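> I would like to see how this sequence folds:
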Amino acid sequence: MKRGFWIVGGIMLIAAAIAFWVANRPASWTEAEVATLQSLWIESLPPLPPDPSNAYADDPQAAAFGQALFFDTRLSSNGEVSCATCHLSEKMFNDGLPLGQGVGTMDRRTMTIIGTAYSPWLFWDGRKDSQWAQALGPMESAVEHGGTRTQYAHLIDEQYRAQYESIFGGLPDFSDRARFPDAAGPVEDPSGRAAWEAMTPADREAVTQVYVNIGKAIASYERLIVPGPSRFDIYIEALLTDDKETMQSALSKEEVAGLRLFIGRAECIKCHNGPLFTNNDFHNTGVPAAKGLPADDGRASGVTEALSDEFNCLSQWSDAGENDCADLRFAVSTGEQLVGAFKPPTLRNVAESAPYMHAGQYATLTEVLRHYNHPPLAPLGHSELEPLGLTPNELGQLEAFLRALSGPLLVRPELLASPQ
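Below is the predicted model of the structure:
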C-alpha cells in the first residue's frame, strides 16, 4: 500500500513537472515565422542608405554643425523654438503633445525623427522627400519656428561663419540690411513676403543657398539618430542561436503571445514591418478627425506638395541627378487610396510615444488597439481595416508585446566631428 502511494505520488509530481514545463517552455516557431521575426530584428536594419540629394549627408563636420543648429532657439521668430522643442531626446524625439506646439499650435502631432534616414517620405503625409527638405519646412511655418530666410542667413553670418565656411565654403556678406532685410522670405506674413519680393533674384538665391545648407547640416545630424535593441531583439537573437534560457528571460509568455498575434491574426505586420516596424508607405486606417479639426486628407494633399516642393529631389537645390530621384519621379499621385492615408510611424519605443495617431486622437495604446479591433468608418476615403475580433485578453497580450519594443536610442557620436 505504501509503495503504491509513493508511486501515485511520484506520477503526480512528474505530471505536475511536465505541465509546468509545457506552460513555461520557450515558444516554438515555424520556419516561415522565424524568417518573419528575423526581418523585424534590429540587426536586420541595413547600413544608412545614401542621400544623393544631400552632398553633406555623411560629413562629420556637417553633422556636428547640424547638431548645434538643432538645439539653437535663435532659429525662430521669438527666440524660443528650436528643432529640439518638438523633438525632445528624452521623449524619443517627440514632444508628448496631441498637437505640435511651436510659436503657435499645429494641426498634427510631432513625428519622431528616429530612423527617418530610412524613409523616402517625411511627415505624416509625405510632403517632403528628404530629411533636409523636412528640416526646412518648419522654419518658415507661421506656427512652428515662424522665422524667415534672411533672419537665418544673418544668424549664420554673425554666429556661425567660421563653422559654416569650413563645410560649405565662402559665405556672402549679409551685413547690408538694405539688401538683406532682417525678416524677409516667401512666408505667409505680408511684410516678410513683400521684403523678399523687393530683393534682387541674385540676393534671394544667395540667401536661399544658406537656408538650404542649414537644412542639409541638420539632416546630417538627424541621420545618426537610430533605435537601439529592445527586449524583443534580445529574444530574436536568442531564438536564432537556440538560447532557450535567454528567450524565456527576454519576453514573458504574455508578450510572446502578443508577438504571435502581431505577425498573425492581428495583421499589424501589414503596415508595421521591417526592423523599424514601418513600411514607410501610406494607409487609411479610419482614424477619426481630432476634436475641433476638420477631416485630414493626408497623402492626397501631401504627394501634391512633394511633387511641387521647392526643395524636392529634382529641384535646383538638390545634389542628386535625375536618375537618383526614383521615389519622386514614380510617386503615385492620384487615387482614392491616397485620401485619408498617413504614414505608419515606427513602433520602436511606442510605449513612450503617446499620444497616438496623426493628431493625437488616442491617449493610450489600449485605445489604439480598440480602434484596430473595431474600426469605425473612415472620415475620408475608405479604411483598409476589417474587424479583428480579438478578445480582451488577446488585446492585452498585444499591448504587452508592444511595450517590449522599448529600447535605448543611439546617436552615433563616432560620426560627429568636434564643433569648430
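
> thought Q163 was touching F65?
Yes - judged on CB atoms under 8 Å, Q163 makes contact with F65 at a distance of 5.3 Å. C-beta: built from backbone N, CA, C; applies to glycine.

> Which one's more surrounded, the two?
Legend: neighbour count by other CB atoms under 10 Å for Q163 and F65, higher for F65 (30 against 19).

> so what's Q361 closest to, chain neighbours aside?
In space, Q361 comes closest to A290 once its chain neighbours are excluded; the distance is 5.4 Å by CB to CB, 6 or more residues apart in numbering.

> my read: that neighbour touches M106, true?
No - contact criterion CB under 8 Å: A290 and M106 do not qualify, at 11.1 Å.

> Find residues that contact each of the two.
Residues touching both A290 and M106 (CB atoms under 8 Å, 6 or more residues apart in numbering) are L99.

> Okay, domains of this structure per the record?
Here the domain parsing of the chain from automatic domain parsing is 29-47+229-407, 60-226.

> okay, those domains, which one's buried deepest?
For the domains of the chain, the largest average neighbour count (mean count of other CB atoms under 10 Å) is found in domain 60-226, namely a mean of 20.

> State the mean pLDDT of it.
Looking at domain 60-226 alone, the average pLDDT works out to 97.

> Same check on stretch 358-375?
97.

> Give me the contact list for that stretch.
Applying CB under 8 Å, 6+ apart, the contact partners of stretch 358-375 are 97-99, 107-109, 124, 266, 268, 285-290, 293, 296, 298, 342, 350-351, 354-357, 383, 385-390, 395, 398-399, 402-403.

> hey, where'd the strands end up in the stretch 51-200 of the chain?
With DSSP state E, counting those that start in this stretch applied, the stretch 51-200 of the chain shows no strands anywhere along its length.

> give the contact list for the closest residue to V287 other than its chain neighbours.
Nearest non-adjacent residue to V287, counting by CB to CB, 6+ apart: M357, 4.8 Å away. M357 makes contact with R109, V287, V368 under the criterion CB under 8 Å, 6+ apart.

> What pLDDT is listed against the closest residue to P227 other than its chain neighbours?
In space, and not counting its chain neighbours, P227 is closest to R348: 4.3 Å by CB to CB, 6+ apart. At R348, the pLDDT value in this model is 97.

> Quick check: R348 vs G185, distance?
Separation of R348 from G185 (CB to CB, to the nearest Å) stands at 36 Å.

> secondary structure class for T304?
What DSSP: H, G, I helix; E, B strand; the rest coil gives for T304 is helix.

> Check whether it really touches A331, as I assumed.
No - here T304 does not reach A331: they are 9.9 Å apart, not a contact under CB under 8 Å.

> Can you give the distance from stretch 222-233 to the centre of its chain?
Taking CA atoms, centre = their mean, to the nearest Å, one finds the center of stretch 222-233 at 12 Å from the center of the full chain.

> For that stretch, give me every contacting residue.
Contacts of stretch 222-233 (CB under 8 Å, 6+ apart): 40-43, 45, 48, 51, 57-58, 63, 66, 70, 93, 113-117, 131, 135, 250-251, 255, 259, 276, 346, 348-349, 401, 404-412, 415-416.

> measure it end to end?
Terminal residues of stretch 222-233 lie 23 Å apart, using CA to CA, to the nearest Å.

> Over to stretch 239-249?
Stretch 239-249 end-to-end distance (CA to CA) = 12 Å.

> same check, this time on stretch 364-381
So stretch 364-381: terminal residues 25 Å apart, CA to CA.

> again, but for stretch 173-188
26 Å.
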